[in-house]
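A.B. asks: Model the structure of this input:
(2 chains)
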Amino acid sequence: MPVQPYIEAISAALWEEMERDKEVFLLGEDIGVYGGAFKVTKGFLEKFGEERVIDTVLAEAAIIGAATGAAIVGMRPVAEMQFADFVTCGFNQLVNNTASIHYRWGLPVPMVVRLPSGGNIHGGPFHSRNPEAWFFHQPGLKLVAPSTPYDAKGLLKAAIRDPDPVLFFEYKYLYRRIKGEVPSEDYVVPIGKADVKRKGNDATIITYGPTVHVALDAAQDIAGSDEYDVEVLDLRSLMPFDKEAILQSVKRTNKVLILHEDTLTGGIGGEIAAFINENAFEYLDAPVRRLGACDTPVPYAPTLETEFLPGKDKVLKNLKELLEY
Amino acid sequence: MAKSAAPKKKQSKANKTFDKAIKKTLTNQKAPLEGLDLSEEKLIQIYRQMLLIRRFEEKAAQMYGMEKIMGFCHLYNGQEAVAVGANAAMHETDYMLTAYRDHGHALVKGITANEVMAELFGKVTGCSRGKGGSMHLFDAEKRMMGGHAIVGGHIPLAAGFAFGSKYKAEQDVTVCFFGEAAANQGVFHETLNMAALWKLPVVYICENNRYGMGTAFERAFAVWDIYERASAYNMPRDVVDGMDVLDMYRKTKEAVDRARYEHIPTFLEARTYRFRGHSMSDPIHGHYRTKEEVEEMKAKDPIINFGELLKKENIFSEEQMKEMDDEIKKIVNESIEFAEKSEEPPLEDLYTDVIVE
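C.D. replies: Sure thing, here's the model as predicted:
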């Protein structure tokens, strides 16, 4: 299988879906002539033309609202937020309009909003956020957050083909740092299915997005130094999340650390923890632990950002305490 | 939608409109200083402020290349006359807000080169103690109220400052800068309507540098004379030559006085140009504009042209300029040294000030 960086897998998914289905079109700020802030759509304008690769004005509410309307009439828009943080300017459209159309009217809204998320790139408070929890709390939206090129391509294809609005969280930090095997033939990663990224028996780290790699790193370290065998369960889809996979893993390892890059309080980890407590309490050998970023805005200074993020050292500390419980 | 997405080589119709509007400049080209209430000392200060910004930005670019500055960094080269000319018309106690291309505004509002550079370096001595970085420069004492990195997000904040000043019967005016792309955010229209309705002492200055990142303004605006948008809110409006610091001064002065003494807001569109890429990751001209266009615009360099004027009027000599340049370069170099030597923020700073303690 060819090896591709994470960002190229995203581009490839968009490219192939546009070739496959004429109703798929892209809209967003600077995605055409400029090729996208991160160059995800470089070369798309030349190939697909400006009718399908639309440079919008700088207006997120208008972008999301227009995408929603186009989706209702049978198009398959993929809207890009230049940074996930900017989705705040289109928040009303997404949570009030987009999310409730099908509930109110019975009409599908097959659209995707791509959200370049996350920190570790020293973007400061308005260019580094992980906003998934805001939307996790909004019924009517699906949320996916791939950590590998394989998952990114397969989930983006699934999202584009899905009849519901899907928020696609992609990670700036992973764009060029993570490479992986990606099939050249058509495939999808089904929405709602988690993936065991590392097998283990002593504890499970439930995570998604960039912290999958932090978890794998920590699991590797602890296997070497303490001979513990830690499982890493990558949720991949946040809404719906894979309850079956969570229960299977928890019932086997009996100890859980939930890890995400989003800030801790009110994050998705709380909901996962509640689910485990309600459904697998008698299998637990220790209280469910959670680790996320600190409950502060994202700081710019690299020293502070490192302290802010849930890095490997913090994961190892949590894992050790959990394993020794 | 326009048929051709790629920017044309020749000067487009929109850019001709751009130049035509600038001809409405108040500066009398034959006698540029005529009728001006600026002392020679003040004129020299204006020149100095523009030069400081230019030299600072050149150094910042160099430091970014050396990875001393990280993340996103947007330089102000070419647009200096806008912030400096407008600031010259403001009182020191007037509030200033701007977007993410904010180094120039911070410097002209009196934040020191040391504090700005240290912020870019992410050091504790920076004006936001390293927490904000390039796009979030701030100093309440100097009334530099940011540095805002969501496009258009600060436009209503400025209305709030102006409301506060008016309510408390203070004489302060709020001057709010933003790029032309911000004028396409809904909040721009929401706020201009409110500011006009409430008769707020605020001046909105749209810095039209022709490109919202890589999107030419003619591809983003249904009406190219952006200043005319204020007509929808019955707000006084004007277009300014943003490459001419004296035109910036004159028109901002009119607007600031109107705000201060009559509580009437104004919308100014300053037509300007950035000489560098959108950010440090964008090459100088990119795919969205031509090298020739950039070179052509450099003939309108606001610093060189204003310097020539000062020489011609015998206000400032070539020699004095050289001396000033050396002094400024020293200040900027010292800011590097200051930032280098400054401490990283202590880790406990991460947790402080999230709420009032």
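A.B. asks: can we go C-alpha only for contacts and neighbour counts from here?
C.D. replies: OK.
A.B. asks: So out of everything in the stretch 101-250 of chain B, what residue is nearest chain A?
C.D. replies: residue B:122 (4.2 Å; C-alpha to the nearest C-alpha).
A.B. asks: Test my guess that that residue contacts residue B:343.
C.D. replies: No - between residue B:122 and residue B:343 there is no contact under C-alpha atoms under 8 Å: 9.3 Å.
A.B. asks: what residues are up against the residue of the stretch 101-250 of chain B closest to chain A?
C.D. replies: A:300-302, B:69, B:129-131, B:133, B:344-345 (C-alpha atoms under 8 Å, 6 or more residues apart in numbering or on different chains).
A.B. asks: which one of these is nearest residue B:338?
C.D. replies: In terms of C-alpha to C-alpha, no member of these lies closer to residue B:338 than residue B:344, at 12.2 Å.
A.B. asks: Quick check: closest non-adjacent residue to the closest one.
C.D. replies: Nearest non-adjacent residue to residue B:344, counting by C-alpha to C-alpha, 6 or more residues apart in numbering or on different chains: residue B:123, 4.8 Å away.
A.B. asks: Need the per-residue pLDDT for the one you found.
C.D. replies: Residue B:123 is assigned a pLDDT of 98 by the prediction.
A.B. asks: burial count for it?
C.D. replies: 30 (other C-alpha atoms under 10 Å in any protein chain shown).
A.B. asks: Same check on residue B:335?
C.D. replies: For residue B:335, the count of nearby residues is 21 (other C-alpha under 10 Å).
A.B. asks: Over to residue B:355?
C.D. replies: 7.
A.B. asks: Provide a list of residues in contact with residue A:119.
C.D. replies: Taking C-alpha under 8 Å, 6+ apart, one finds A:127-130, A:172-173, A:298, A:309 in contact with residue A:119.
A.B. asks: now swap in residue B:186 and tell me
C.D. replies: Here residue B:186 is in contact with A:59, A:61 (criterion: C-alpha under 8 Å, 6+ apart).
A.B. asks: roughly how far is whichever strand or helix holds residue A:233 from the heart of the chain?
C.D. replies: According to DSSP states H and E, residue A:233 maps onto strand A:230-234. Mean-position distance between strand A:230-234 and its chain equals 16 Å (C-alpha atoms, centre = their mean, to the nearest Å).
A.B. asks: Extract the CA atoms of it and return them as CSV.
C.D. replies: Extracted C-alpha coordinates of strand A:230-234, given in CSV (Å, rounded to 0.1, in the frame of the first residue of the first chain):
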residue,chain,number,x,y,z
VAL,A,230,-1.7,-1.2,27.6
GLU,A,231,-4.5,-1.2,25.0
VAL,A,232,-5.1,2.0,22.9
LEU,A,233,-8.7,2.3,21.7
ASP,A,234,-9.1,5.0,19.0
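A.B. asks: Pull out the buried positions in that strand.
C.D. replies: A:230-234 (16 or more other C-alpha atoms under 10 Å in any protein chain shown).
A.B. asks: Stretch A:18-32 now?
C.D. replies: For stretch A:18-32, using 16+ other C-alpha under 10 Å, the buried residues are A:18, A:24-32.
A.B. asks: mind putting those residues in JSON lines, secondary structure included?
C.D. replies: JSON lines is the format used below for the buried residues of stretch A:18-32 (DSSP: H, G, I helix; E, B strand; the rest coil):
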{"residue": "A:18", "secondary structure": "helix"}
{"residue": "A:24", "secondary structure": "strand"}
{"residue": "A:25", "secondary structure": "strand"}
{"residue": "A:26", "secondary structure": "strand"}
{"residue": "A:27", "secondary structure": "strand"}
{"residue": "A:28", "secondary structure": "strand"}
{"residue": "A:29", "secondary structure": "coil"}
{"residue": "A:30", "secondary structure": "coil"}
{"residue": "A:31", "secondary structure": "coil"}
{"residue": "A:32", "secondary structure": "coil"}
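A.B. asks: ok, the residues you listed vs chain B, which is closest?
C.D. replies: Using C-alpha to the nearest C-alpha, the buried residues of stretch A:18-32 come closest to chain B at residue A:30, 6.1 Å.
A.B. asks: what's near enough to touch the closest one?
C.D. replies: Shown in contact with residue A:30 (C-alpha under 8 Å, 6+ apart): A:36-37, A:55-56, B:213-215.
A.B. asks: how about a cut-off of 6 Å?
C.D. replies: A:36, A:55 (C-alpha atoms under 6 Å, 6 or more residues apart in numbering or on different chains).
A.B. asks: Now residue A:325: closest residue in space that isn't a chain neighbour?
C.D. replies: residue A:286 (6.3 Å).
A.B. asks: count of neighbours near that neighbour?
C.D. replies: 17.
A.B. asks: To which secondary structure element is it assigned?
C.D. replies: Residue A:286 is part of no helix or strand, with elements assigned from DSSP H and E.
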